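*Asks:* Return a 3D structure for these sequence lines:
(chains A and B)
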Amino acid sequence: MLSRLFEALYLKVFVNIVIKRAVCTVYIELLSKKNVIKSVEENFDTKFMNEKMLAFISRYTNESPYYYISVLDNSSSQGAIPTCSKNQLGQYHDMTSSEYRCFKEKWSYFTSQSDLYALEKQYKQIGLDFLFSPFVLLANFFKDKIDNHLAMFVLVEENYLSLAIFDNSELLFAKHLDVRNHKDEDAVLAYEEDSSDLNFDLDEGIDLDDITAIDELDTLDDFGNIEDLDSLEEIDEFSESKDLEEEFYQANLNASEQKTSTGINEDYQRFLLIQSSVKRFYADDKYEGTFIESVYIADGCGVSADLKGYLEEEMFLSVYVRKIDLAMQVCEMAKAELNS
Amino acid sequence: MKYSYIKPRKKSIFTAELKITMTFFIMTLGMLFLTYTFLVYKDLRFSQERDEIIQKRFDFGVAIEDMKEQIVFIEKEALLSERIYTQNAVLKDSIANLFDLIPQRITLSEASLLENGLILFGITPSKDVYNFMLQAPLRSIFHKTYSSFYPQPNGWLKFVSTNYIEEESYETNISNSRNQEIKEENGDEN
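*Replies:* Numbers count the residues shown, from 1 in each chain, chains lettered A, B, ... in the order given. Have a look, this model is predicted:
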C-alpha cells in the first residue's frame, strides 16, 4: 500500500538499451503516472557499459528510485519453438542450459543461461530489470498481423535476424540468425544455388537442393491457378524481374566495390539467411510445412529496398516493411510488463 | 503477461544511506520517547506519592485532633473520677464520722444524706440521751437542726433528726473547694 503510494509520487524512469553492431543505443523515458514527461535517446560508440554511458544513465536514474533497466537480448543462442509443453521442448532444442518462457501458452522462447548471466554481470553497475527476447518484440509489434495471418515475420537488426513463421498466432518455425557469423556459409550456399552444376559435399546444401527441386514441382502445380488468381500484375513483375535481376547484379557489383571487406551486400546476406531458413522450414519434418506467401519485416536498422526486392523476386513473396524503433519498442514492453 | 526472462528488482525509496539516517533518527527518537515516558511515569509516581503523603498528613492531623479531644475528655474524666473519688472519700469520712457520732445507746434505722443536709431515723432510749449524746455534735456541724420524737410501746423513742447547712455557707464551701481544685490543676500543669 505504502509502496504504491510512493510509486505514484515518484517518476518512473525506463532505461532501454539496445546493443547494435558498433554502437549502443540508450533510450530513456521519464513517466509521471501515464504521461511521458521526457524522453531522450543517445548513441554510444561502445558495445559494453562504459563510464560515459554509465554517467548518462545515472543522470536520469538518480531522479527516481523507481527506475527500470531493460535490455534487448542479443544472445546468439536464443530462439523460439512452437510448443509450451515441457515434454516436447527437447524435441526442438536442448533446454538444459537455457532459460525459457511461454508466450500465451502457445509457443516458447528461450535464451542461453550463460549469456543471461554474462549480461547480468555486464550490467552489474546499474542492474538489470527486464531482458526481452526479439521474438516477443516481433510478436508484439506485428500483433495485428500475427493473430489472423499466415506469414513470415522478420525482425531485422544490424547483426541479427529474428525470423518467425506464424499461422494465425500459432508459431510454426522460428530462427535467430547472426548475420556476420553466417555470412561466409550463406554466401557459399548462395553461390551453390546459383551454380547448380557444382555439387558440394555439404549435407545441408545437398538436402536443400533436393528439397528445392520438390518445391519447384509444387510451385509448378500452383502455376496452373495463376490466371484464376488474376495474377497479371505478378506476370508483369516477372517480366520486369529480369531487369531487376540485372539491377541487382549491378547493385551487387557496386556494393562489392564499396564493401570490400564483406564482399557481398548485407541485405543480400539477410536475404540468403531468410531463404535458407525458409528452405529448412520446408525441409524439416519437425515443422508443419505450410506454404508462405507473405513476409512482414520489422526494420530496426534501416534496410534498403534491395532486401524487399530479393524476397519478391527470388522467393515470390509479398513483402511488407515496417520501421521499428527497437529501443522504443523495448520501452513499451517494459511498461506493459510492469503494468500487467 | 510476463515477457521478460528476469523479474524486475524490488524498488524502494529507502536507499542504504537513507536507511542508516532513518535508523539513527528512529533510535534517537525512540530513546527520547523512552526517556520522556520514564520521566512522565516518575512524575506521575511522585504526584501520587505526594498526594498520598498529603492525605496521610491530613489523616494524621485529624487523628491528632481526635486524640487531643480524647485526651481532653480523658483528662476531664480523670478529674471527674478524682473528684468523685475525693467526694467519695469525703463522703466515706463523713459517714465514718457520722457513725462515730452515733453513741452506742442510740440505734439508727435510716440515714439520708442530702446535698446540704442529713436526715437520721433511729431509736433512742430517751430524749436526754439523744439531746446530749447526738444533737450536741450535730449542732456543731449543721446550722439548723430539727428533731421529732415518736414514742414506742417499749418506752423508747423513735426520732427523726433533720439537719441543714445554710445555703450561703454551703455554696461558699463548694466554691472554695472548686477554686482549690482549679489551683491544684494549674499548679500541676505548670
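
*Asks:* what's the neighbour count on A:Leu11?
*Replies:* Number of residues near A:Leu11 (other C-beta atoms under 10 Å in any protein chain shown) recorded here: 16. Quick note: C-beta positions are derived from backbone N, CA and C, even for glycine.

*Asks:* Also A:Ser133?
*Replies:* Neighbours of A:Ser133 (other C-beta under 10 Å): 28.

*Asks:* Give the rounded mean pLDDT of stretch A:45-57.
*Replies:* Across stretch A:45-57, the average pLDDT comes to 90.

*Asks:* Next, see if it gets close to chain B.
*Replies:* No. Using C-beta under 8 Å from any C-beta of the partner chain, stretch A:45-57 stays clear of chain B, with a minimum separation of 15.0 Å.

*Asks:* how long is that stretch from one end to the other?
*Replies:* 15 Å (C-alpha to C-alpha, to the nearest Å).

*Asks:* buried residues in it?
*Replies:* By neighbour count on 16 or more other C-beta atoms under 10 Å in any protein chain shown, the buried set for stretch A:45-57 is A:Met49, A:Met53, A:Phe56, A:Ile57.

*Asks:* Check stretch B:9-24 too.
*Replies:* B:Lys11.

*Asks:* Reformat the buried residues of stretch A:45-57 as TSV; add secondary structure.
*Replies:* TSV is the format used below for the buried residues of stretch A:45-57 (DSSP: H, G, I helix; E, B strand; the rest coil):
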residue	secondary structure
A:Met49	coil
A:Met53	helix
A:Phe56	helix
A:Ile57	helix
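
*Asks:* closest to chain B among those residues?
*Replies:* Taking C-beta to the nearest C-beta as the measure, A:Ile57 is the one of those closest to chain B, at 15.0 Å.

*Asks:* Quick check: the closest one vs B:Lys7, distance?
*Replies:* With distances taken as C-beta to C-beta, to the nearest Å, A:Ile57 is found 20 Å from B:Lys7.

*Asks:* Also A:Gly289?
*Replies:* Distance from A:Gly289 to B:Lys7, by C-beta to C-beta: 38 Å.

*Asks:* Mind checking which of those two has more residues around it?
*Replies:* More neighbours surround A:Gly289 than the other of A:Gly289 and B:Lys7, with 18 against 10 (other C-beta under 10 Å).

*Asks:* I'd like to know how many residues surround the nearest residue to that one once chain neighbours are set aside.
*Replies:* With C-beta to C-beta, 6 or more residues apart in numbering or on different chains as the criterion, A:Gly289 has its nearest non-adjacent residue at 4.9 Å, and that residue is A:Tyr282. A:Tyr282 sits with 19 neighbouring residues when counted by other C-beta under 10 Å.

*Asks:* do the same with the one 4 residues further on
*Replies:* Here the neighbour count serves as a burial measure; for A:Lys286 (other C-beta under 10 Å) it reads 13.

*Asks:* Hmm, it is touching A:Gln88, no?
*Replies:* No. Using C-beta atoms under 8 Å, A:Lys286 is not in contact with A:Gln88, being 10.1 Å away.

*Asks:* Pull up the pairing partners for the strand or helix carrying B:Leu120, direction included.
*Replies:* Using DSSP states H and E, B:Leu120 sits within strand B:117-124. If you go by DSSP bridges, strand B:117-124 pairs up with strand B:107-113 (antiparallel), strand B:157-164 (antiparallel).

*Asks:* so of those strands, which one's packed in deepest?
*Replies:* Highest mean neighbour count among the strands paired with strand B:117-124 (mean count of other C-beta atoms under 10 Å in any protein chain shown): strand B:157-164, with a mean of 18.

*Asks:* so how far is that strand from its chain's centroid?
*Replies:* 43 Å (C-alpha atoms, centre = their mean, to the nearest Å).

*Asks:* Could you say which helix or strand holds the residue nearest to A:Gly289?
*Replies:* helix A:266-283.

*Asks:* Just the C-alpha atoms of that helix, please, in CSV.
*Replies:* Extracted in CSV, the C-alpha atoms of helix A:266-283 (Å, rounded to 0.1, in the frame of the first residue of the first chain):
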residue,chain,number,x,y,z
GLU,A,266,24.4,-7.1,-46.2
ASP,A,267,20.8,-7.1,-47.4
TYR,A,268,21.7,-9.9,-49.7
GLN,A,269,23.2,-11.7,-46.7
ARG,A,270,20.0,-11.3,-44.9
PHE,A,271,18.1,-12.5,-47.9
LEU,A,272,20.2,-15.6,-48.1
LEU,A,273,19.7,-16.3,-44.4
ILE,A,274,15.9,-15.9,-44.8
GLN,A,275,16.0,-18.1,-47.9
SER,A,276,18.0,-20.8,-46.2
SER,A,277,15.7,-20.7,-43.1
VAL,A,278,12.6,-21.0,-45.2
LYS,A,279,14.1,-23.9,-47.0
ARG,A,280,14.9,-25.5,-43.7
PHE,A,281,11.4,-24.9,-42.6
TYR,A,282,10.0,-26.6,-45.7
ALA,A,283,12.5,-29.5,-45.4
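
*Asks:* other SSEs contacting that helix?
*Replies:* strand A:150-156, strand A:160-167, strand A:170-178, helix A:183-194, helix A:203-223, helix A:305-315 (3 or more C-beta pairs under 8 Å, 6 or more residues apart in numbering or on different chains; DSSP states H and E).

*Asks:* and the gap between B:Pro103 and chain A?
*Replies:* 123 Å (C-beta to the nearest C-beta, to the nearest Å).

*Asks:* That residue reaches B:Asn131, doesn't it?
*Replies:* No. Look at B:Pro103 against B:Asn131 with C-beta under 8 Å: they stay out of range, at 11.4 Å.

*Asks:* Touching stretch B:111-123 from outside, list them.
*Replies:* B:91, B:94-95, B:98, B:102, B:106-110, B:138, B:142, B:152, B:156-165, B:167, B:170 (C-beta atoms under 8 Å, 6 or more residues apart in numbering or on different chains).

*Asks:* Just say helix, strand or coil for residue 21.
*Replies:* Went with chain A since none was named. Using three-state DSSP, the structure places A:Arg21 in coil.

*Asks:* which residues touch it?
*Replies:* The contact partners of A:Arg21, by C-beta under 8 Å, 6+ apart, come to A:Glu158, A:Asn159.

*Asks:* On the pLDDT front, check it for me.
*Replies:* 84.

*Asks:* about what we covered before: mind giving me the packing neighbours of the next helix or strand along the chain from the strand holding B:Leu120?
*Replies:* Going down the chain from strand B:117-124, the next helix or strand is helix B:127-130, by DSSP H and E. Applying 3+ C-beta pairs under 8 Å, 6+ apart, one finds that helix B:127-130 contacts strand B:144-151, strand B:157-164.
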